[in-house]
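# below are the sequence and a predicted model; questions follow.
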Amino acid sequence: MFTLKYPDGALFKRLTYGSLKPLSEVPLSVTSDSFLIRALSPDKNLLVEVYIPSTAFETYDATGDTLLTLDRDEFSKAIRKGTKRDAVTLRYEDGARHLVFTLTNTKTGAERTYQVTVLETGRELIQSLDLDLPVRMQMESKDFKKIISDAKIIGDELEISYNTGEVTVKSVSEGKMFEEKLSLDKPLLSLESREDTASSKYDLDLLKSIASTLEAADVVTIEFGAGLPMRVVLATEDGAKVTFWVAPRT
């Protein structure tokens, strides 16, 4: 069982709400030191991880390790109601059929409570990926979000390539093309690679599905390699981290 209180309903929403959209259900692990969601999308082309350390919570009271599978739609509807004026409290008693989700206005004390159906208990979360990707870059999240939006107007596939200190992103369809070259300070904040060249393609519908979560942090870290998954990481000042693994197109 557990009682967790997160102080900022708006940030909790930015971390979790968009992350849940690609999923059909929400596998959740609460241990003595972390709150963790990790799941594959139904098509198995996107792995989602939402990690919030116990230290980020105002209250963190967890007895033992709890594994729950939650109804995604109910959880999302409750999360969506949160604002920066709200604290978020999650409570679960062993054997209960619902997780209790409460939003408390920090100024007035007014509470809104929602019940989220527990579909299953005790199911272990899937394992994360452990890949050493050769190309790593950072940029402002808003810039990556705009790349996804601009590329999606043109086509359904984003090709991302590294060559001699420069990254090119491209989307092509019949008679149309979007292309942008990225380098240090234009607009990349950092860029490193262990290989001279690397190129891979990714489904823009998958990237678009995670775009709203990019608002969770000012900076996004993107890693990729030839024919390898793309790793997209957002980290906040309180130690929370959202990671997406996007399968390459073959």
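Arrived safely.
# for the longest strand seen in the chain, name the packing helices and strands.
Scanning the chain for the longest strand, with DSSP state E as the assignment, gives strand 111-121. Under the contact criterion of 3 or more C-beta pairs under 8 Å, 6 or more residues apart in numbering; DSSP states H and E, strand 111-121 touches strand 66-71, helix 72-80, strand 98-105. In short, each C-beta sits where N, CA and C put it, glycine included.
# after that strand, which helix or strand is next?
strand 135-140 (DSSP states H and E).
# returning to that earlier point: would you list the helices and strands packed on strand 111-121 in TSV and tack on mean neighbour count, distance to Ser190 and mean pLDDT?
Converted to TSV, the helices and strands packed on strand 111-121 look like this (neighbours: other C-beta atoms under 10 Å; distance: least, C-beta to C-beta, whole Å; pLDDT from 0 to 100):
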stretch	mean neighbour count	distance to Ser190	mean pLDDT
strand 66-71	19	36	98
helix 72-80	18	32	97
strand 98-105	19	37	98
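# Thr221 is nearest to which of those?
Smallest distance to Thr221 across those (C-beta to C-beta): 24.1 Å, for helix 72-80.
# now Lys201: which helix or strand?
If you go by DSSP H and E, Lys201 is part of strand 197-203.
# just the CA trace of that strand, in CSV.
Output of strand 197-203 as CSV, limited to C-alpha atoms (Å, rounded to 0.1, in the frame of the first residue of the first chain):
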residue,chain,number,x,y,z
THR,A,197,28.1,8.5,-40.1
ALA,A,198,24.8,7.1,-38.9
SER,A,199,21.3,7.2,-40.3
SER,A,200,17.9,5.8,-39.3
LYS,A,201,14.2,6.3,-40.0
TYR,A,202,11.3,6.6,-37.5
ASP,A,203,7.5,6.7,-37.7
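# quick one: mean pLDDT for it?
The pLDDT scores in strand 197-203 average 97.
# cool, and stretch 107-121?
pLDDT averaged over stretch 107-121 gives 97.
# same question, stretch 152-163
Summarised as a single mean, pLDDT over stretch 152-163 is 96.
# helix or strand right after the strand holding Lys201?
Toward the C-terminus from strand 197-203 - assigned by DSSP H and E - lies helix 204-210.
# and Asp65, how many neighbours?
Other residues near Asp65 come to 11 when the count uses other C-beta atoms under 10 Å.
# for Arg14, same thing?
The number of residues near Arg14, taken as other C-beta under 10 Å, comes to 23.
# I'd assumed Ala216 was in contact with it.
Yes - between Arg14 and Ala216 there is a contact under C-beta atoms under 8 Å: 4.1 Å.
# in CSV, list the helices and strands packed on strand 111-121 along with distance to Ile147.
What follows is the helices and strands packed on strand 111-121, written out as CSV (distance: least, C-beta to C-beta, whole Å):
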stretch, distance to Ile147
strand 66-71, 32
helix 72-80, 26
strand 98-105, 34
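# between the ones you listed, which one is closest to Thr164.
Nearest to Thr164 among the helices and strands packed on strand 111-121 is helix 72-80 (43.4 Å), distances taken as C-beta to C-beta.
# for that closest one, packing partners?
Helix 72-80 sits against helix 9-20, strand 25-30, strand 98-105, strand 111-121, with contacts defined as 3+ C-beta pairs under 8 Å, 6+ apart.
# what do you get if the cut-off is 10 Å, keeping everything else the same?
helix 9-20, strand 25-30, strand 66-71, strand 86-92, strand 98-105, strand 111-121 (3 or more C-beta pairs under 10 Å, 6 or more residues apart in numbering; DSSP states H and E).
# relative to Ala56, which of these is closest?
helix 9-20 (9.2 Å).
# need the contact partners of the strand holding Lys201.
Contact partners of strand 197-203, identified using C-beta atoms under 10 Å, 6 or more residues apart in numbering, comprise 43, 45-46, 133-135, 148, 151, 156-164, 167-171, 209, 224-230, 246-250.
# hmm, 8 Å instead?
Outside of strand 197-203, the residues within contact range by C-beta atoms under 8 Å, 6 or more residues apart in numbering are 45, 134-135, 156-164, 224-228, 230, 246-249.
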